[in-house]
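Student: Coordinates for the following, if possible.
(3 chains)
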Amino acid sequence: MVSSSCLPVAHTYMLFISALMSYFCGIIEFLIGWCYFLDDSRWEEERYTDGVKWKFLEHKGPVFAPPYEPLPSNVKFYYDGKPMKLSPEAEEVATFFSKMLDHEYTTKDIFRKNFFKDWRKEMTSEEKAKITDLKKCNFTEMSEYFKGLSEARKAMTKEQKLKIKEENERLLQEYGFCIMDNHRERIANFRIEPPGLFRGRGDHPKMGMLKRRIRPQDIIINCSKNSKHPEPPPGTKWKEVRHDNKVTWLVSWTENIQGSIKYIMLNPSSRIKGEKDWQKYETARRLKKCVDRIRAQYREDWKSKEMRVRQRAVAIYFIDKLALRAGNEKEEGETADTVGCCSLRVEHIKLYPENEGQEYVVEFDFLGKDSIRYYNKVPVEKRVFKNLQLFMENKEPDDDLFDRLNTSVLNKHLQELMDGLSAKVFRTYNASITLQQQLKEALENTAASKILSYNRANRAVAILCNHQRAPPKTFEKSMQNLQAKIDAKRDQLANAKRDLKAAKADAKGLRDDKSKKTVETKRKAVQRIEEQLMKLEVQATDREENKQIALGTSKLNYLDPRISVAWCKKWGIPIEKIYNKTQREKFAWAIDMAEKDFEF
DNA sequence: GAGACGACTTAGCATAATCATA
DNA sequence: TATGATTATGCTAAGTCGTCTC
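Tutor: Just a heads-up that it's a prediction; the model follows:
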């Protein structure tokens, strides 16, 4: 819990008011709730014990995907060059494919094979008998039709767009919020995922499979007994209505691709998510206090007589030093072949006793989460190197590097070293401590360069955590545009400087007030242009350095927001320069409680 | 201890909304 | 005011990790 000194004045004041009015027993509960609504200091509310997440939960249930609208009769599907009217079920699935025609997915064999197999399941027996080859299917007319619709949407009048916006807002107000205990909370994803073709990442064996439509009878509702239960659409029933207050979800269903459960949960701005987020960073701060001991321990364990201990110790070293993920085992053939630390295979690393002037270099090359490539060459301690050589001895490339280790064993060990410690805490800790250190080291002075140095620090973390993105499609062009702007600004500056020089010469000869004033004006103009130029140059550097790096993920999930808030307060940088609206909402708890002297 | 499962966090991409500029 | 660029938001896949069962 936060110390009472952190409580905002407004909150204290409201509590005082409510204390004064406490004899109005009937309204006291309402008042407290009202106070929390107003001052947003709900992070300081008492927490439940025994895994209870809430006492009261009421919501309106999910919003279902709109029903399928059959194609107009002039839009045709062709098989083997001839138009063919499809049954509504088969047609719907065909539209999913046609909407993706421009995407690389539809050129991939696995995607096409999976799609065709599932599509055929939706066909009538006549259709099934006729449509036997995907290559003979022509979806272009359908594809053009949907492109047309999307163009039409873009070309809508202001009034039409406004109408849609209003309808969305109405839906949001009705379904986008719930009441959890005393608060009206925003729901994250109140719309059920529409049917479509599964888009797995990387070489996913199930890409292209049909993601089926979710119906009310697939839905489990979770709410409190004494709440007004959400109504299923007329003529339908929920699969189940349950009242489990040990979980935070409001709605769940089982998806058909992997058979996993999907949930509707609250928005990151909610009390329940904010508190959890805060807790996560507090655990990472506890790791800071004992990380030296843990590091000494795993270094000691590199020498252990037991192979499993040595493997564990080297794995923790990687997780700590390189911010690798834990690496759970995955079911073969069910998902893309990706790995993390514990699931690394021999083929994923190469050992160099010497490389480019460095000793004991390990080269990592593997696909991690979301099939993002991790490539890194790092020098390691001799003992680690020798251990790795040993772990790889007499193994095939596709054998596990750490054959005596899995995430369960690893996390059990970490839990023993520190309460609440698991592999992912190292990522949070190393990310946050890196940001804090880098911000301390940055010496820039102006607001613009301060923000650049913040972005640099953010970038260092993104690189550590290997958060990559595809370079934006418009990157080259936008870079050229920016360069053109910089060139123009340079010319402008040269002109302004020449003007200033001339004005100075005039003033020297004339020695009157008017020409002195002119010099001053010209001087200011030069100054202004210099500042503008610097700003542009900073922007160009920032953009270039960010080409393939995604900053958002670390900002949102790994960097203790209190570090950023404190930094903003210390240097008088508006928080809006660092966090946009959504981020400010998510980090409201940190903005509320962090002072300029906050230390991670 | 293995394996399945459930609940939750973390992730990149697509699209919508907003902003800047001609 | 239209258009293109940029940023914010939405979407949902893919991880982590604890618990339960055998």
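Student: Break chain A into its domains for me.
Tutor: A:57-65+A:159-268, A:77-158, A:272-422, A:433-593 (the TED database).
Student: Let's have the ones you listed in JSON lines, adding distance to A:L71.
Tutor: C-beta here means a position set from N, CA and C on the backbone, and glycine is covered the same way. Shown next, in JSON lines, are the domains of chain A (distance: least, CB to CB, whole Å):
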{"stretch": "domain A:57-65+A:159-268", "distance to A:L71": "16"}
{"stretch": "domain A:77-158", "distance to A:L71": "6"}
{"stretch": "domain A:272-422", "distance to A:L71": "33"}
{"stretch": "domain A:433-593", "distance to A:L71": "30"}
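Student: In CSV, list those along with distance to DNA strand B and mean pLDDT.
Tutor: Shown next, in CSV, are the domains of chain A (distance: least, CB to the nearest atom of the strand, whole Å; pLDDT from 0 to 100):
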stretch, distance to DNA strand B, mean pLDDT
domain A:57-65+A:159-268, 4, 94
domain A:77-158, 6, 93
domain A:272-422, 4, 95
domain A:433-593, 4, 87
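Student: which residues touch A:D499?
Tutor: A:D499 makes contacts with A:K522, A:A525, as judged by CB atoms under 8 Å, 6 or more residues apart in numbering.
Student: So it: helix, strand or coil?
Tutor: Secondary structure state of A:D499, per DSSP: H, G, I helix; E, B strand; the rest coil, is helix.
Student: give me every residue that touches A:F139.
Tutor: Residues touching A:F139, when contacts are defined by CB under 8 Å, 6+ apart, comprise A:F77, A:A94, A:F97, A:S98, A:L101.
Student: Send me stretch A:342-360 as CSV with only the CA atoms.
Tutor: In CSV, the C-alpha atoms belonging to stretch A:342-360 read as follows (Å, rounded to 0.1, in the frame of the first residue of the first chain):
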residue,chain,number,x,y,z
CYS,A,342,14.6,-23.3,-21.5
SER,A,343,13.5,-24.6,-24.9
LEU,A,344,16.7,-23.5,-26.8
ARG,A,345,18.1,-26.3,-29.0
VAL,A,346,21.7,-27.0,-29.9
GLU,A,347,21.1,-25.6,-33.4
HIS,A,348,20.2,-22.2,-31.9
ILE,A,349,23.6,-21.3,-30.6
LYS,A,350,27.2,-21.4,-32.0
LEU,A,351,30.3,-21.2,-29.8
TYR,A,352,33.4,-19.3,-30.8
PRO,A,353,36.4,-19.6,-28.5
GLU,A,354,37.5,-16.4,-30.3
ASN,A,355,35.6,-14.1,-32.5
GLU,A,356,36.5,-10.6,-33.8
GLY,A,357,39.0,-10.1,-31.1
GLN,A,358,36.8,-11.3,-28.2
GLU,A,359,37.1,-14.5,-26.3
TYR,A,360,34.3,-17.0,-25.5
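Student: That one: which residues count as buried?
Tutor: A:C342, A:S343, A:L344, A:R345, A:V346, A:H348, A:I349, A:Y360 (16 or more other CB atoms under 10 Å).
Student: Mind putting the domains of chain A into JSON lines with distance to DNA strand C?
Tutor: Below are the domains of chain A laid out as JSON lines (distance: least, CB to the nearest atom of the strand, whole Å):
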{"stretch": "domain A:57-65+A:159-268", "distance to DNA strand C": "3"}
{"stretch": "domain A:77-158", "distance to DNA strand C": "8"}
{"stretch": "domain A:272-422", "distance to DNA strand C": "3"}
{"stretch": "domain A:433-593", "distance to DNA strand C": "3"}
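Student: Out of those domains, which is closest to A:R47?
Tutor: domain A:272-422 (7.1 Å; CB to CB).
Student: Regarding that closest one, how distant is the last residue from the first?
Tutor: For domain A:272-422, the first and last residues are 21 Å from each other (CA to CA, to the nearest Å).
Student: how close does A:G200 get to A:M209?
Tutor: 9 Å (CB to CB, to the nearest Å).
Student: rewinding a little: and of the buried residues of stretch A:342-360, the nearest to A:P205?
Tutor: Closest to A:P205, out of all of the buried residues of stretch A:342-360 and judged by CB to CB, is A:S343, at 17.2 Å.
Student: Wait, the closest one touches A:D403, no?
Tutor: No - counting by CB atoms under 8 Å, A:D403 is not a contact partner of A:S343; they are 11.0 Å apart.
Student: What distance do you get for A:Y352 to A:F385?
Tutor: Taking CB to CB, one finds A:Y352 at 9 Å from A:F385.
Student: joint contacts of these two?
Tutor: Shared contacts of A:Y352 and A:F385, defined by CB under 8 Å, 6+ apart, are found at A:Y360, A:V362.
Student: got a list of what A:F115 touches?
Tutor: By CB under 8 Å, 6+ apart, the neighbours of A:F115 are A:F97, A:L134, A:L197, A:G208, A:M209, A:L210.
Student: let's see it at 6 Å
Tutor: By CB atoms under 6 Å, 6 or more residues apart in numbering, the residues touching A:F115 are A:F97, A:L197, A:G208.
Student: And A:A550, by the same measure?
Tutor: Applying CB under 6 Å, 6+ apart to A:A550 gives the contacts A:H467, A:R469.
Student: what about 8 Å?
Tutor: A:A550 makes contact with A:A462, A:H467, A:Q468, A:R469 under the criterion CB under 8 Å, 6+ apart.
Student: Neighbour-wise, which one of those leads?
Tutor: Neighbour tally across the contacts of A:A550 (other CB atoms under 10 Å): the maximum, 25 neighbours, falls on A:A462.
Student: which stretch of helix or strand covers it?
Tutor: helix A:447-464 (DSSP states H and E).
Student: other SSEs contacting that helix?
Tutor: helix A:423-441, helix A:513-545, helix A:552-557, helix A:561-571 (3 or more CB pairs under 8 Å, 6 or more residues apart in numbering; DSSP states H and E).
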